[in-house]
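Visitor: What follows is a protein structure lacking sequence information:
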Ligand SMILES: [Zn+2]
């Protein structure tokens, strides 16, 4: 790499020329809708496994090579190298003979993460992603294995960075005098957070649709596992049967469980009755906002306690466990999800699928919402 860069003259570029090159690349990405003009620039150059987009930055590459080449020449104590060092008083960008050489700036991933974190709007997602209960690697796995189009990826990043043209953004960031009222529910506060998970107007339509996509993935995998369906279809085409039964296993979808005693929370998304193992699994799905990841999981676990107690006697099983499946609107996944999937004997790979389903549907919700007149 250094030899190539050197022979093509790239190592001779000035810092201003390098900045211009990086800006040009960014404006091409923006022109192709792959990068929102107000999205985090730092995040573009952070590796994907750390939550960035993994683009190369010409200035960083250049400066890093200059520093390591210089270090190399100064460290090697061989005749020819010594001679080169002695004569290079500004002949090359390395200026090997210069004692008070000014080291060019090289931003590493940690530097870029600090900038990302420090931004008021962009930093909110950073903090959510780095929460103590969040599985960071699983939460960014869509960036490594999700195979999203560049344009969709850029749109998802703009949602996470909270830079969409909502009425809240226009009032407080653009400051164009917009009144911050939600165009759908007409309540104050049309922030991106409100649109993706807090608008009462979207609860029974859009949010339910997203929730059911995730629930359908879990239902289909359980149905396949117990041989209740013959073949797999893409999750968005899968229509769960209200009841599937093979004598040993019963699988309910979105069905009220009639009990002797009145129980308020009696309609979990999915119920498995396993008569061979003499156990029941009550599965409930949530797609909350990032900050409510752990809270949503705990709520699901307490919500069905009464039902769990009741069905043990009613269905003559030994145990009834409650399994919450939670992924946030921005695809965050809790460390506990692996354990919940294990209790359902489902593979961890399903995390990637439910994350992609949630993210793509969040993007659909935002696109549709913002296409309406403000
Ligand atoms: Zn609203």
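Guide: Noted; the coordinates are in hand. The shown structure was predicted, so the numbers you read here are calculated from the model rather than taken from an experiment.
Visitor: quick check: longest helix of this protein.
Guide: Looking across the chain with DSSP state H, the single longest helix is helix 350-370.
Visitor: mean confidence score for that helix?
Guide: For helix 350-370, mean pLDDT rounds to 97.
Visitor: That one vs the ion: in contact?
Guide: No: applying CB under 5 Å from the ion, one finds helix 350-370 separated from the ion by no less than 8.8 Å. Bear in mind the C-beta positions are built from the backbone N, C-alpha and C, glycine included.
Visitor: buried stuff in that helix?
Guide: 350-363, 365-366, 369 (16 or more other CB atoms under 10 Å).
Visitor: Stretch 48-65 too?
Guide: Result for stretch 48-65 [16+ other CB under 10 Å]: buried residues 48, 50-53, 55, 57-65.
Visitor: any residues touching it, and which ones?
Guide: 1-2, 5, 10-11, 13, 15, 18-19, 21-22, 25, 29, 42-47, 104-107, 109, 112-113, 126, 129, 136-137, 139-140, 143-144, 153, 157 (CB atoms under 8 Å, 6 or more residues apart in numbering).
Visitor: Near the ion, which residues of the chain? Just list them.
Guide: 182, 184-185, 199.
Visitor: which residues of this structure fall in strands?
Guide: For the chain, the strands defined by DSSP state E cover 243-245, 249-253, 270-274, 279-286, 319-326.
Visitor: I'd like those strands as CSV, with distance to residue 97, mean pLDDT and mean neighbour count appended.
Guide: Output for the strands of the chain, formatted as CSV (distance: least, CB to CB, whole Å; pLDDT from 0 to 100; neighbours: other CB atoms under 10 Å):
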stretch, distance to residue 97, mean pLDDT, mean neighbour count
strand 243-245, 79, 97, 15
strand 249-253, 76, 98, 21
strand 270-274, 73, 97, 22
strand 279-286, 65, 98, 23
strand 319-326, 61, 98, 21
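Visitor: Domain ranges for the protein, per the record?
Guide: Annotated domains of the chain cover 2-119, 209-358 [automatic domain parsing].
Visitor: just these: most buried one?
Guide: Ranked by mean neighbour count under mean count of other CB atoms under 10 Å, the domains of the chain are led by domain 209-358, which reaches a mean of 18.
Visitor: Now the weakest link among the domains of the chain, please, by mean pLDDT.
Guide: Among the domains of the chain, domain 2-119 scores lowest, at a mean of 87.
Visitor: quick check, distance from that one to the centre of its chain.
Guide: Taking CA atoms, centre = their mean, to the nearest Å, the mean C-alpha location of domain 2-119 is offset from the chain mean by 28 Å.
Visitor: Please apply the same query to stretch 352-369.
Guide: For stretch 352-369, the distance to the chain centre is 10 Å (CA atoms, centre = their mean).
Visitor: ok, the residue nearest the centre of the chain - contacts?
Guide: Residue closest to the average C-alpha location in the chain (CA atoms, centre = their mean): residue 331, at 4.1 Å. Shown in contact with residue 331 (CB under 8 Å, 6+ apart): 139, 142, 355-356, 358-359, 362.
Visitor: Keep only those of the contacts of stretch 48-65 that are in helices.
Guide: Going by DSSP H, the helices hold 2, 5, 15, 18-19, 21-22, 25, 29, 109, 112-113, 126, 129, 136-137, 139, 143-144, 153, 157 from the contacts of stretch 48-65.
Visitor: From residue 52, how far off is the residue nearest to the centre of the chain?
Guide: 15 Å (CB to CB, to the nearest Å).
Visitor: picking that back up, closest to residue 176 out of the domains of the chain?
Guide: Between residue 176 and the domains of the chain, the tightest spacing by CB to CB is seen for domain 2-119, at 14.2 Å.
Visitor: In this structure, which residue sits furthest out from the middle?
Guide: residue 79 (53.8 Å).
Visitor: returning to that earlier point: so what does the longest helix of the chain touch, helix or strand wise?
Guide: Packed against helix 350-370, as judged by 3 or more CB pairs under 8 Å, 6 or more residues apart in numbering; DSSP states H and E, are the following elements: helix 136-139, helix 141-145, helix 150-160, helix 208-225, helix 337-343.
Visitor: circling back to that earlier point, for the buried residues of stretch 48-65, which two are the farthest from each other?
Guide: Farthest pair in these, by CB to CB: 51 and 65, 25.9 Å.
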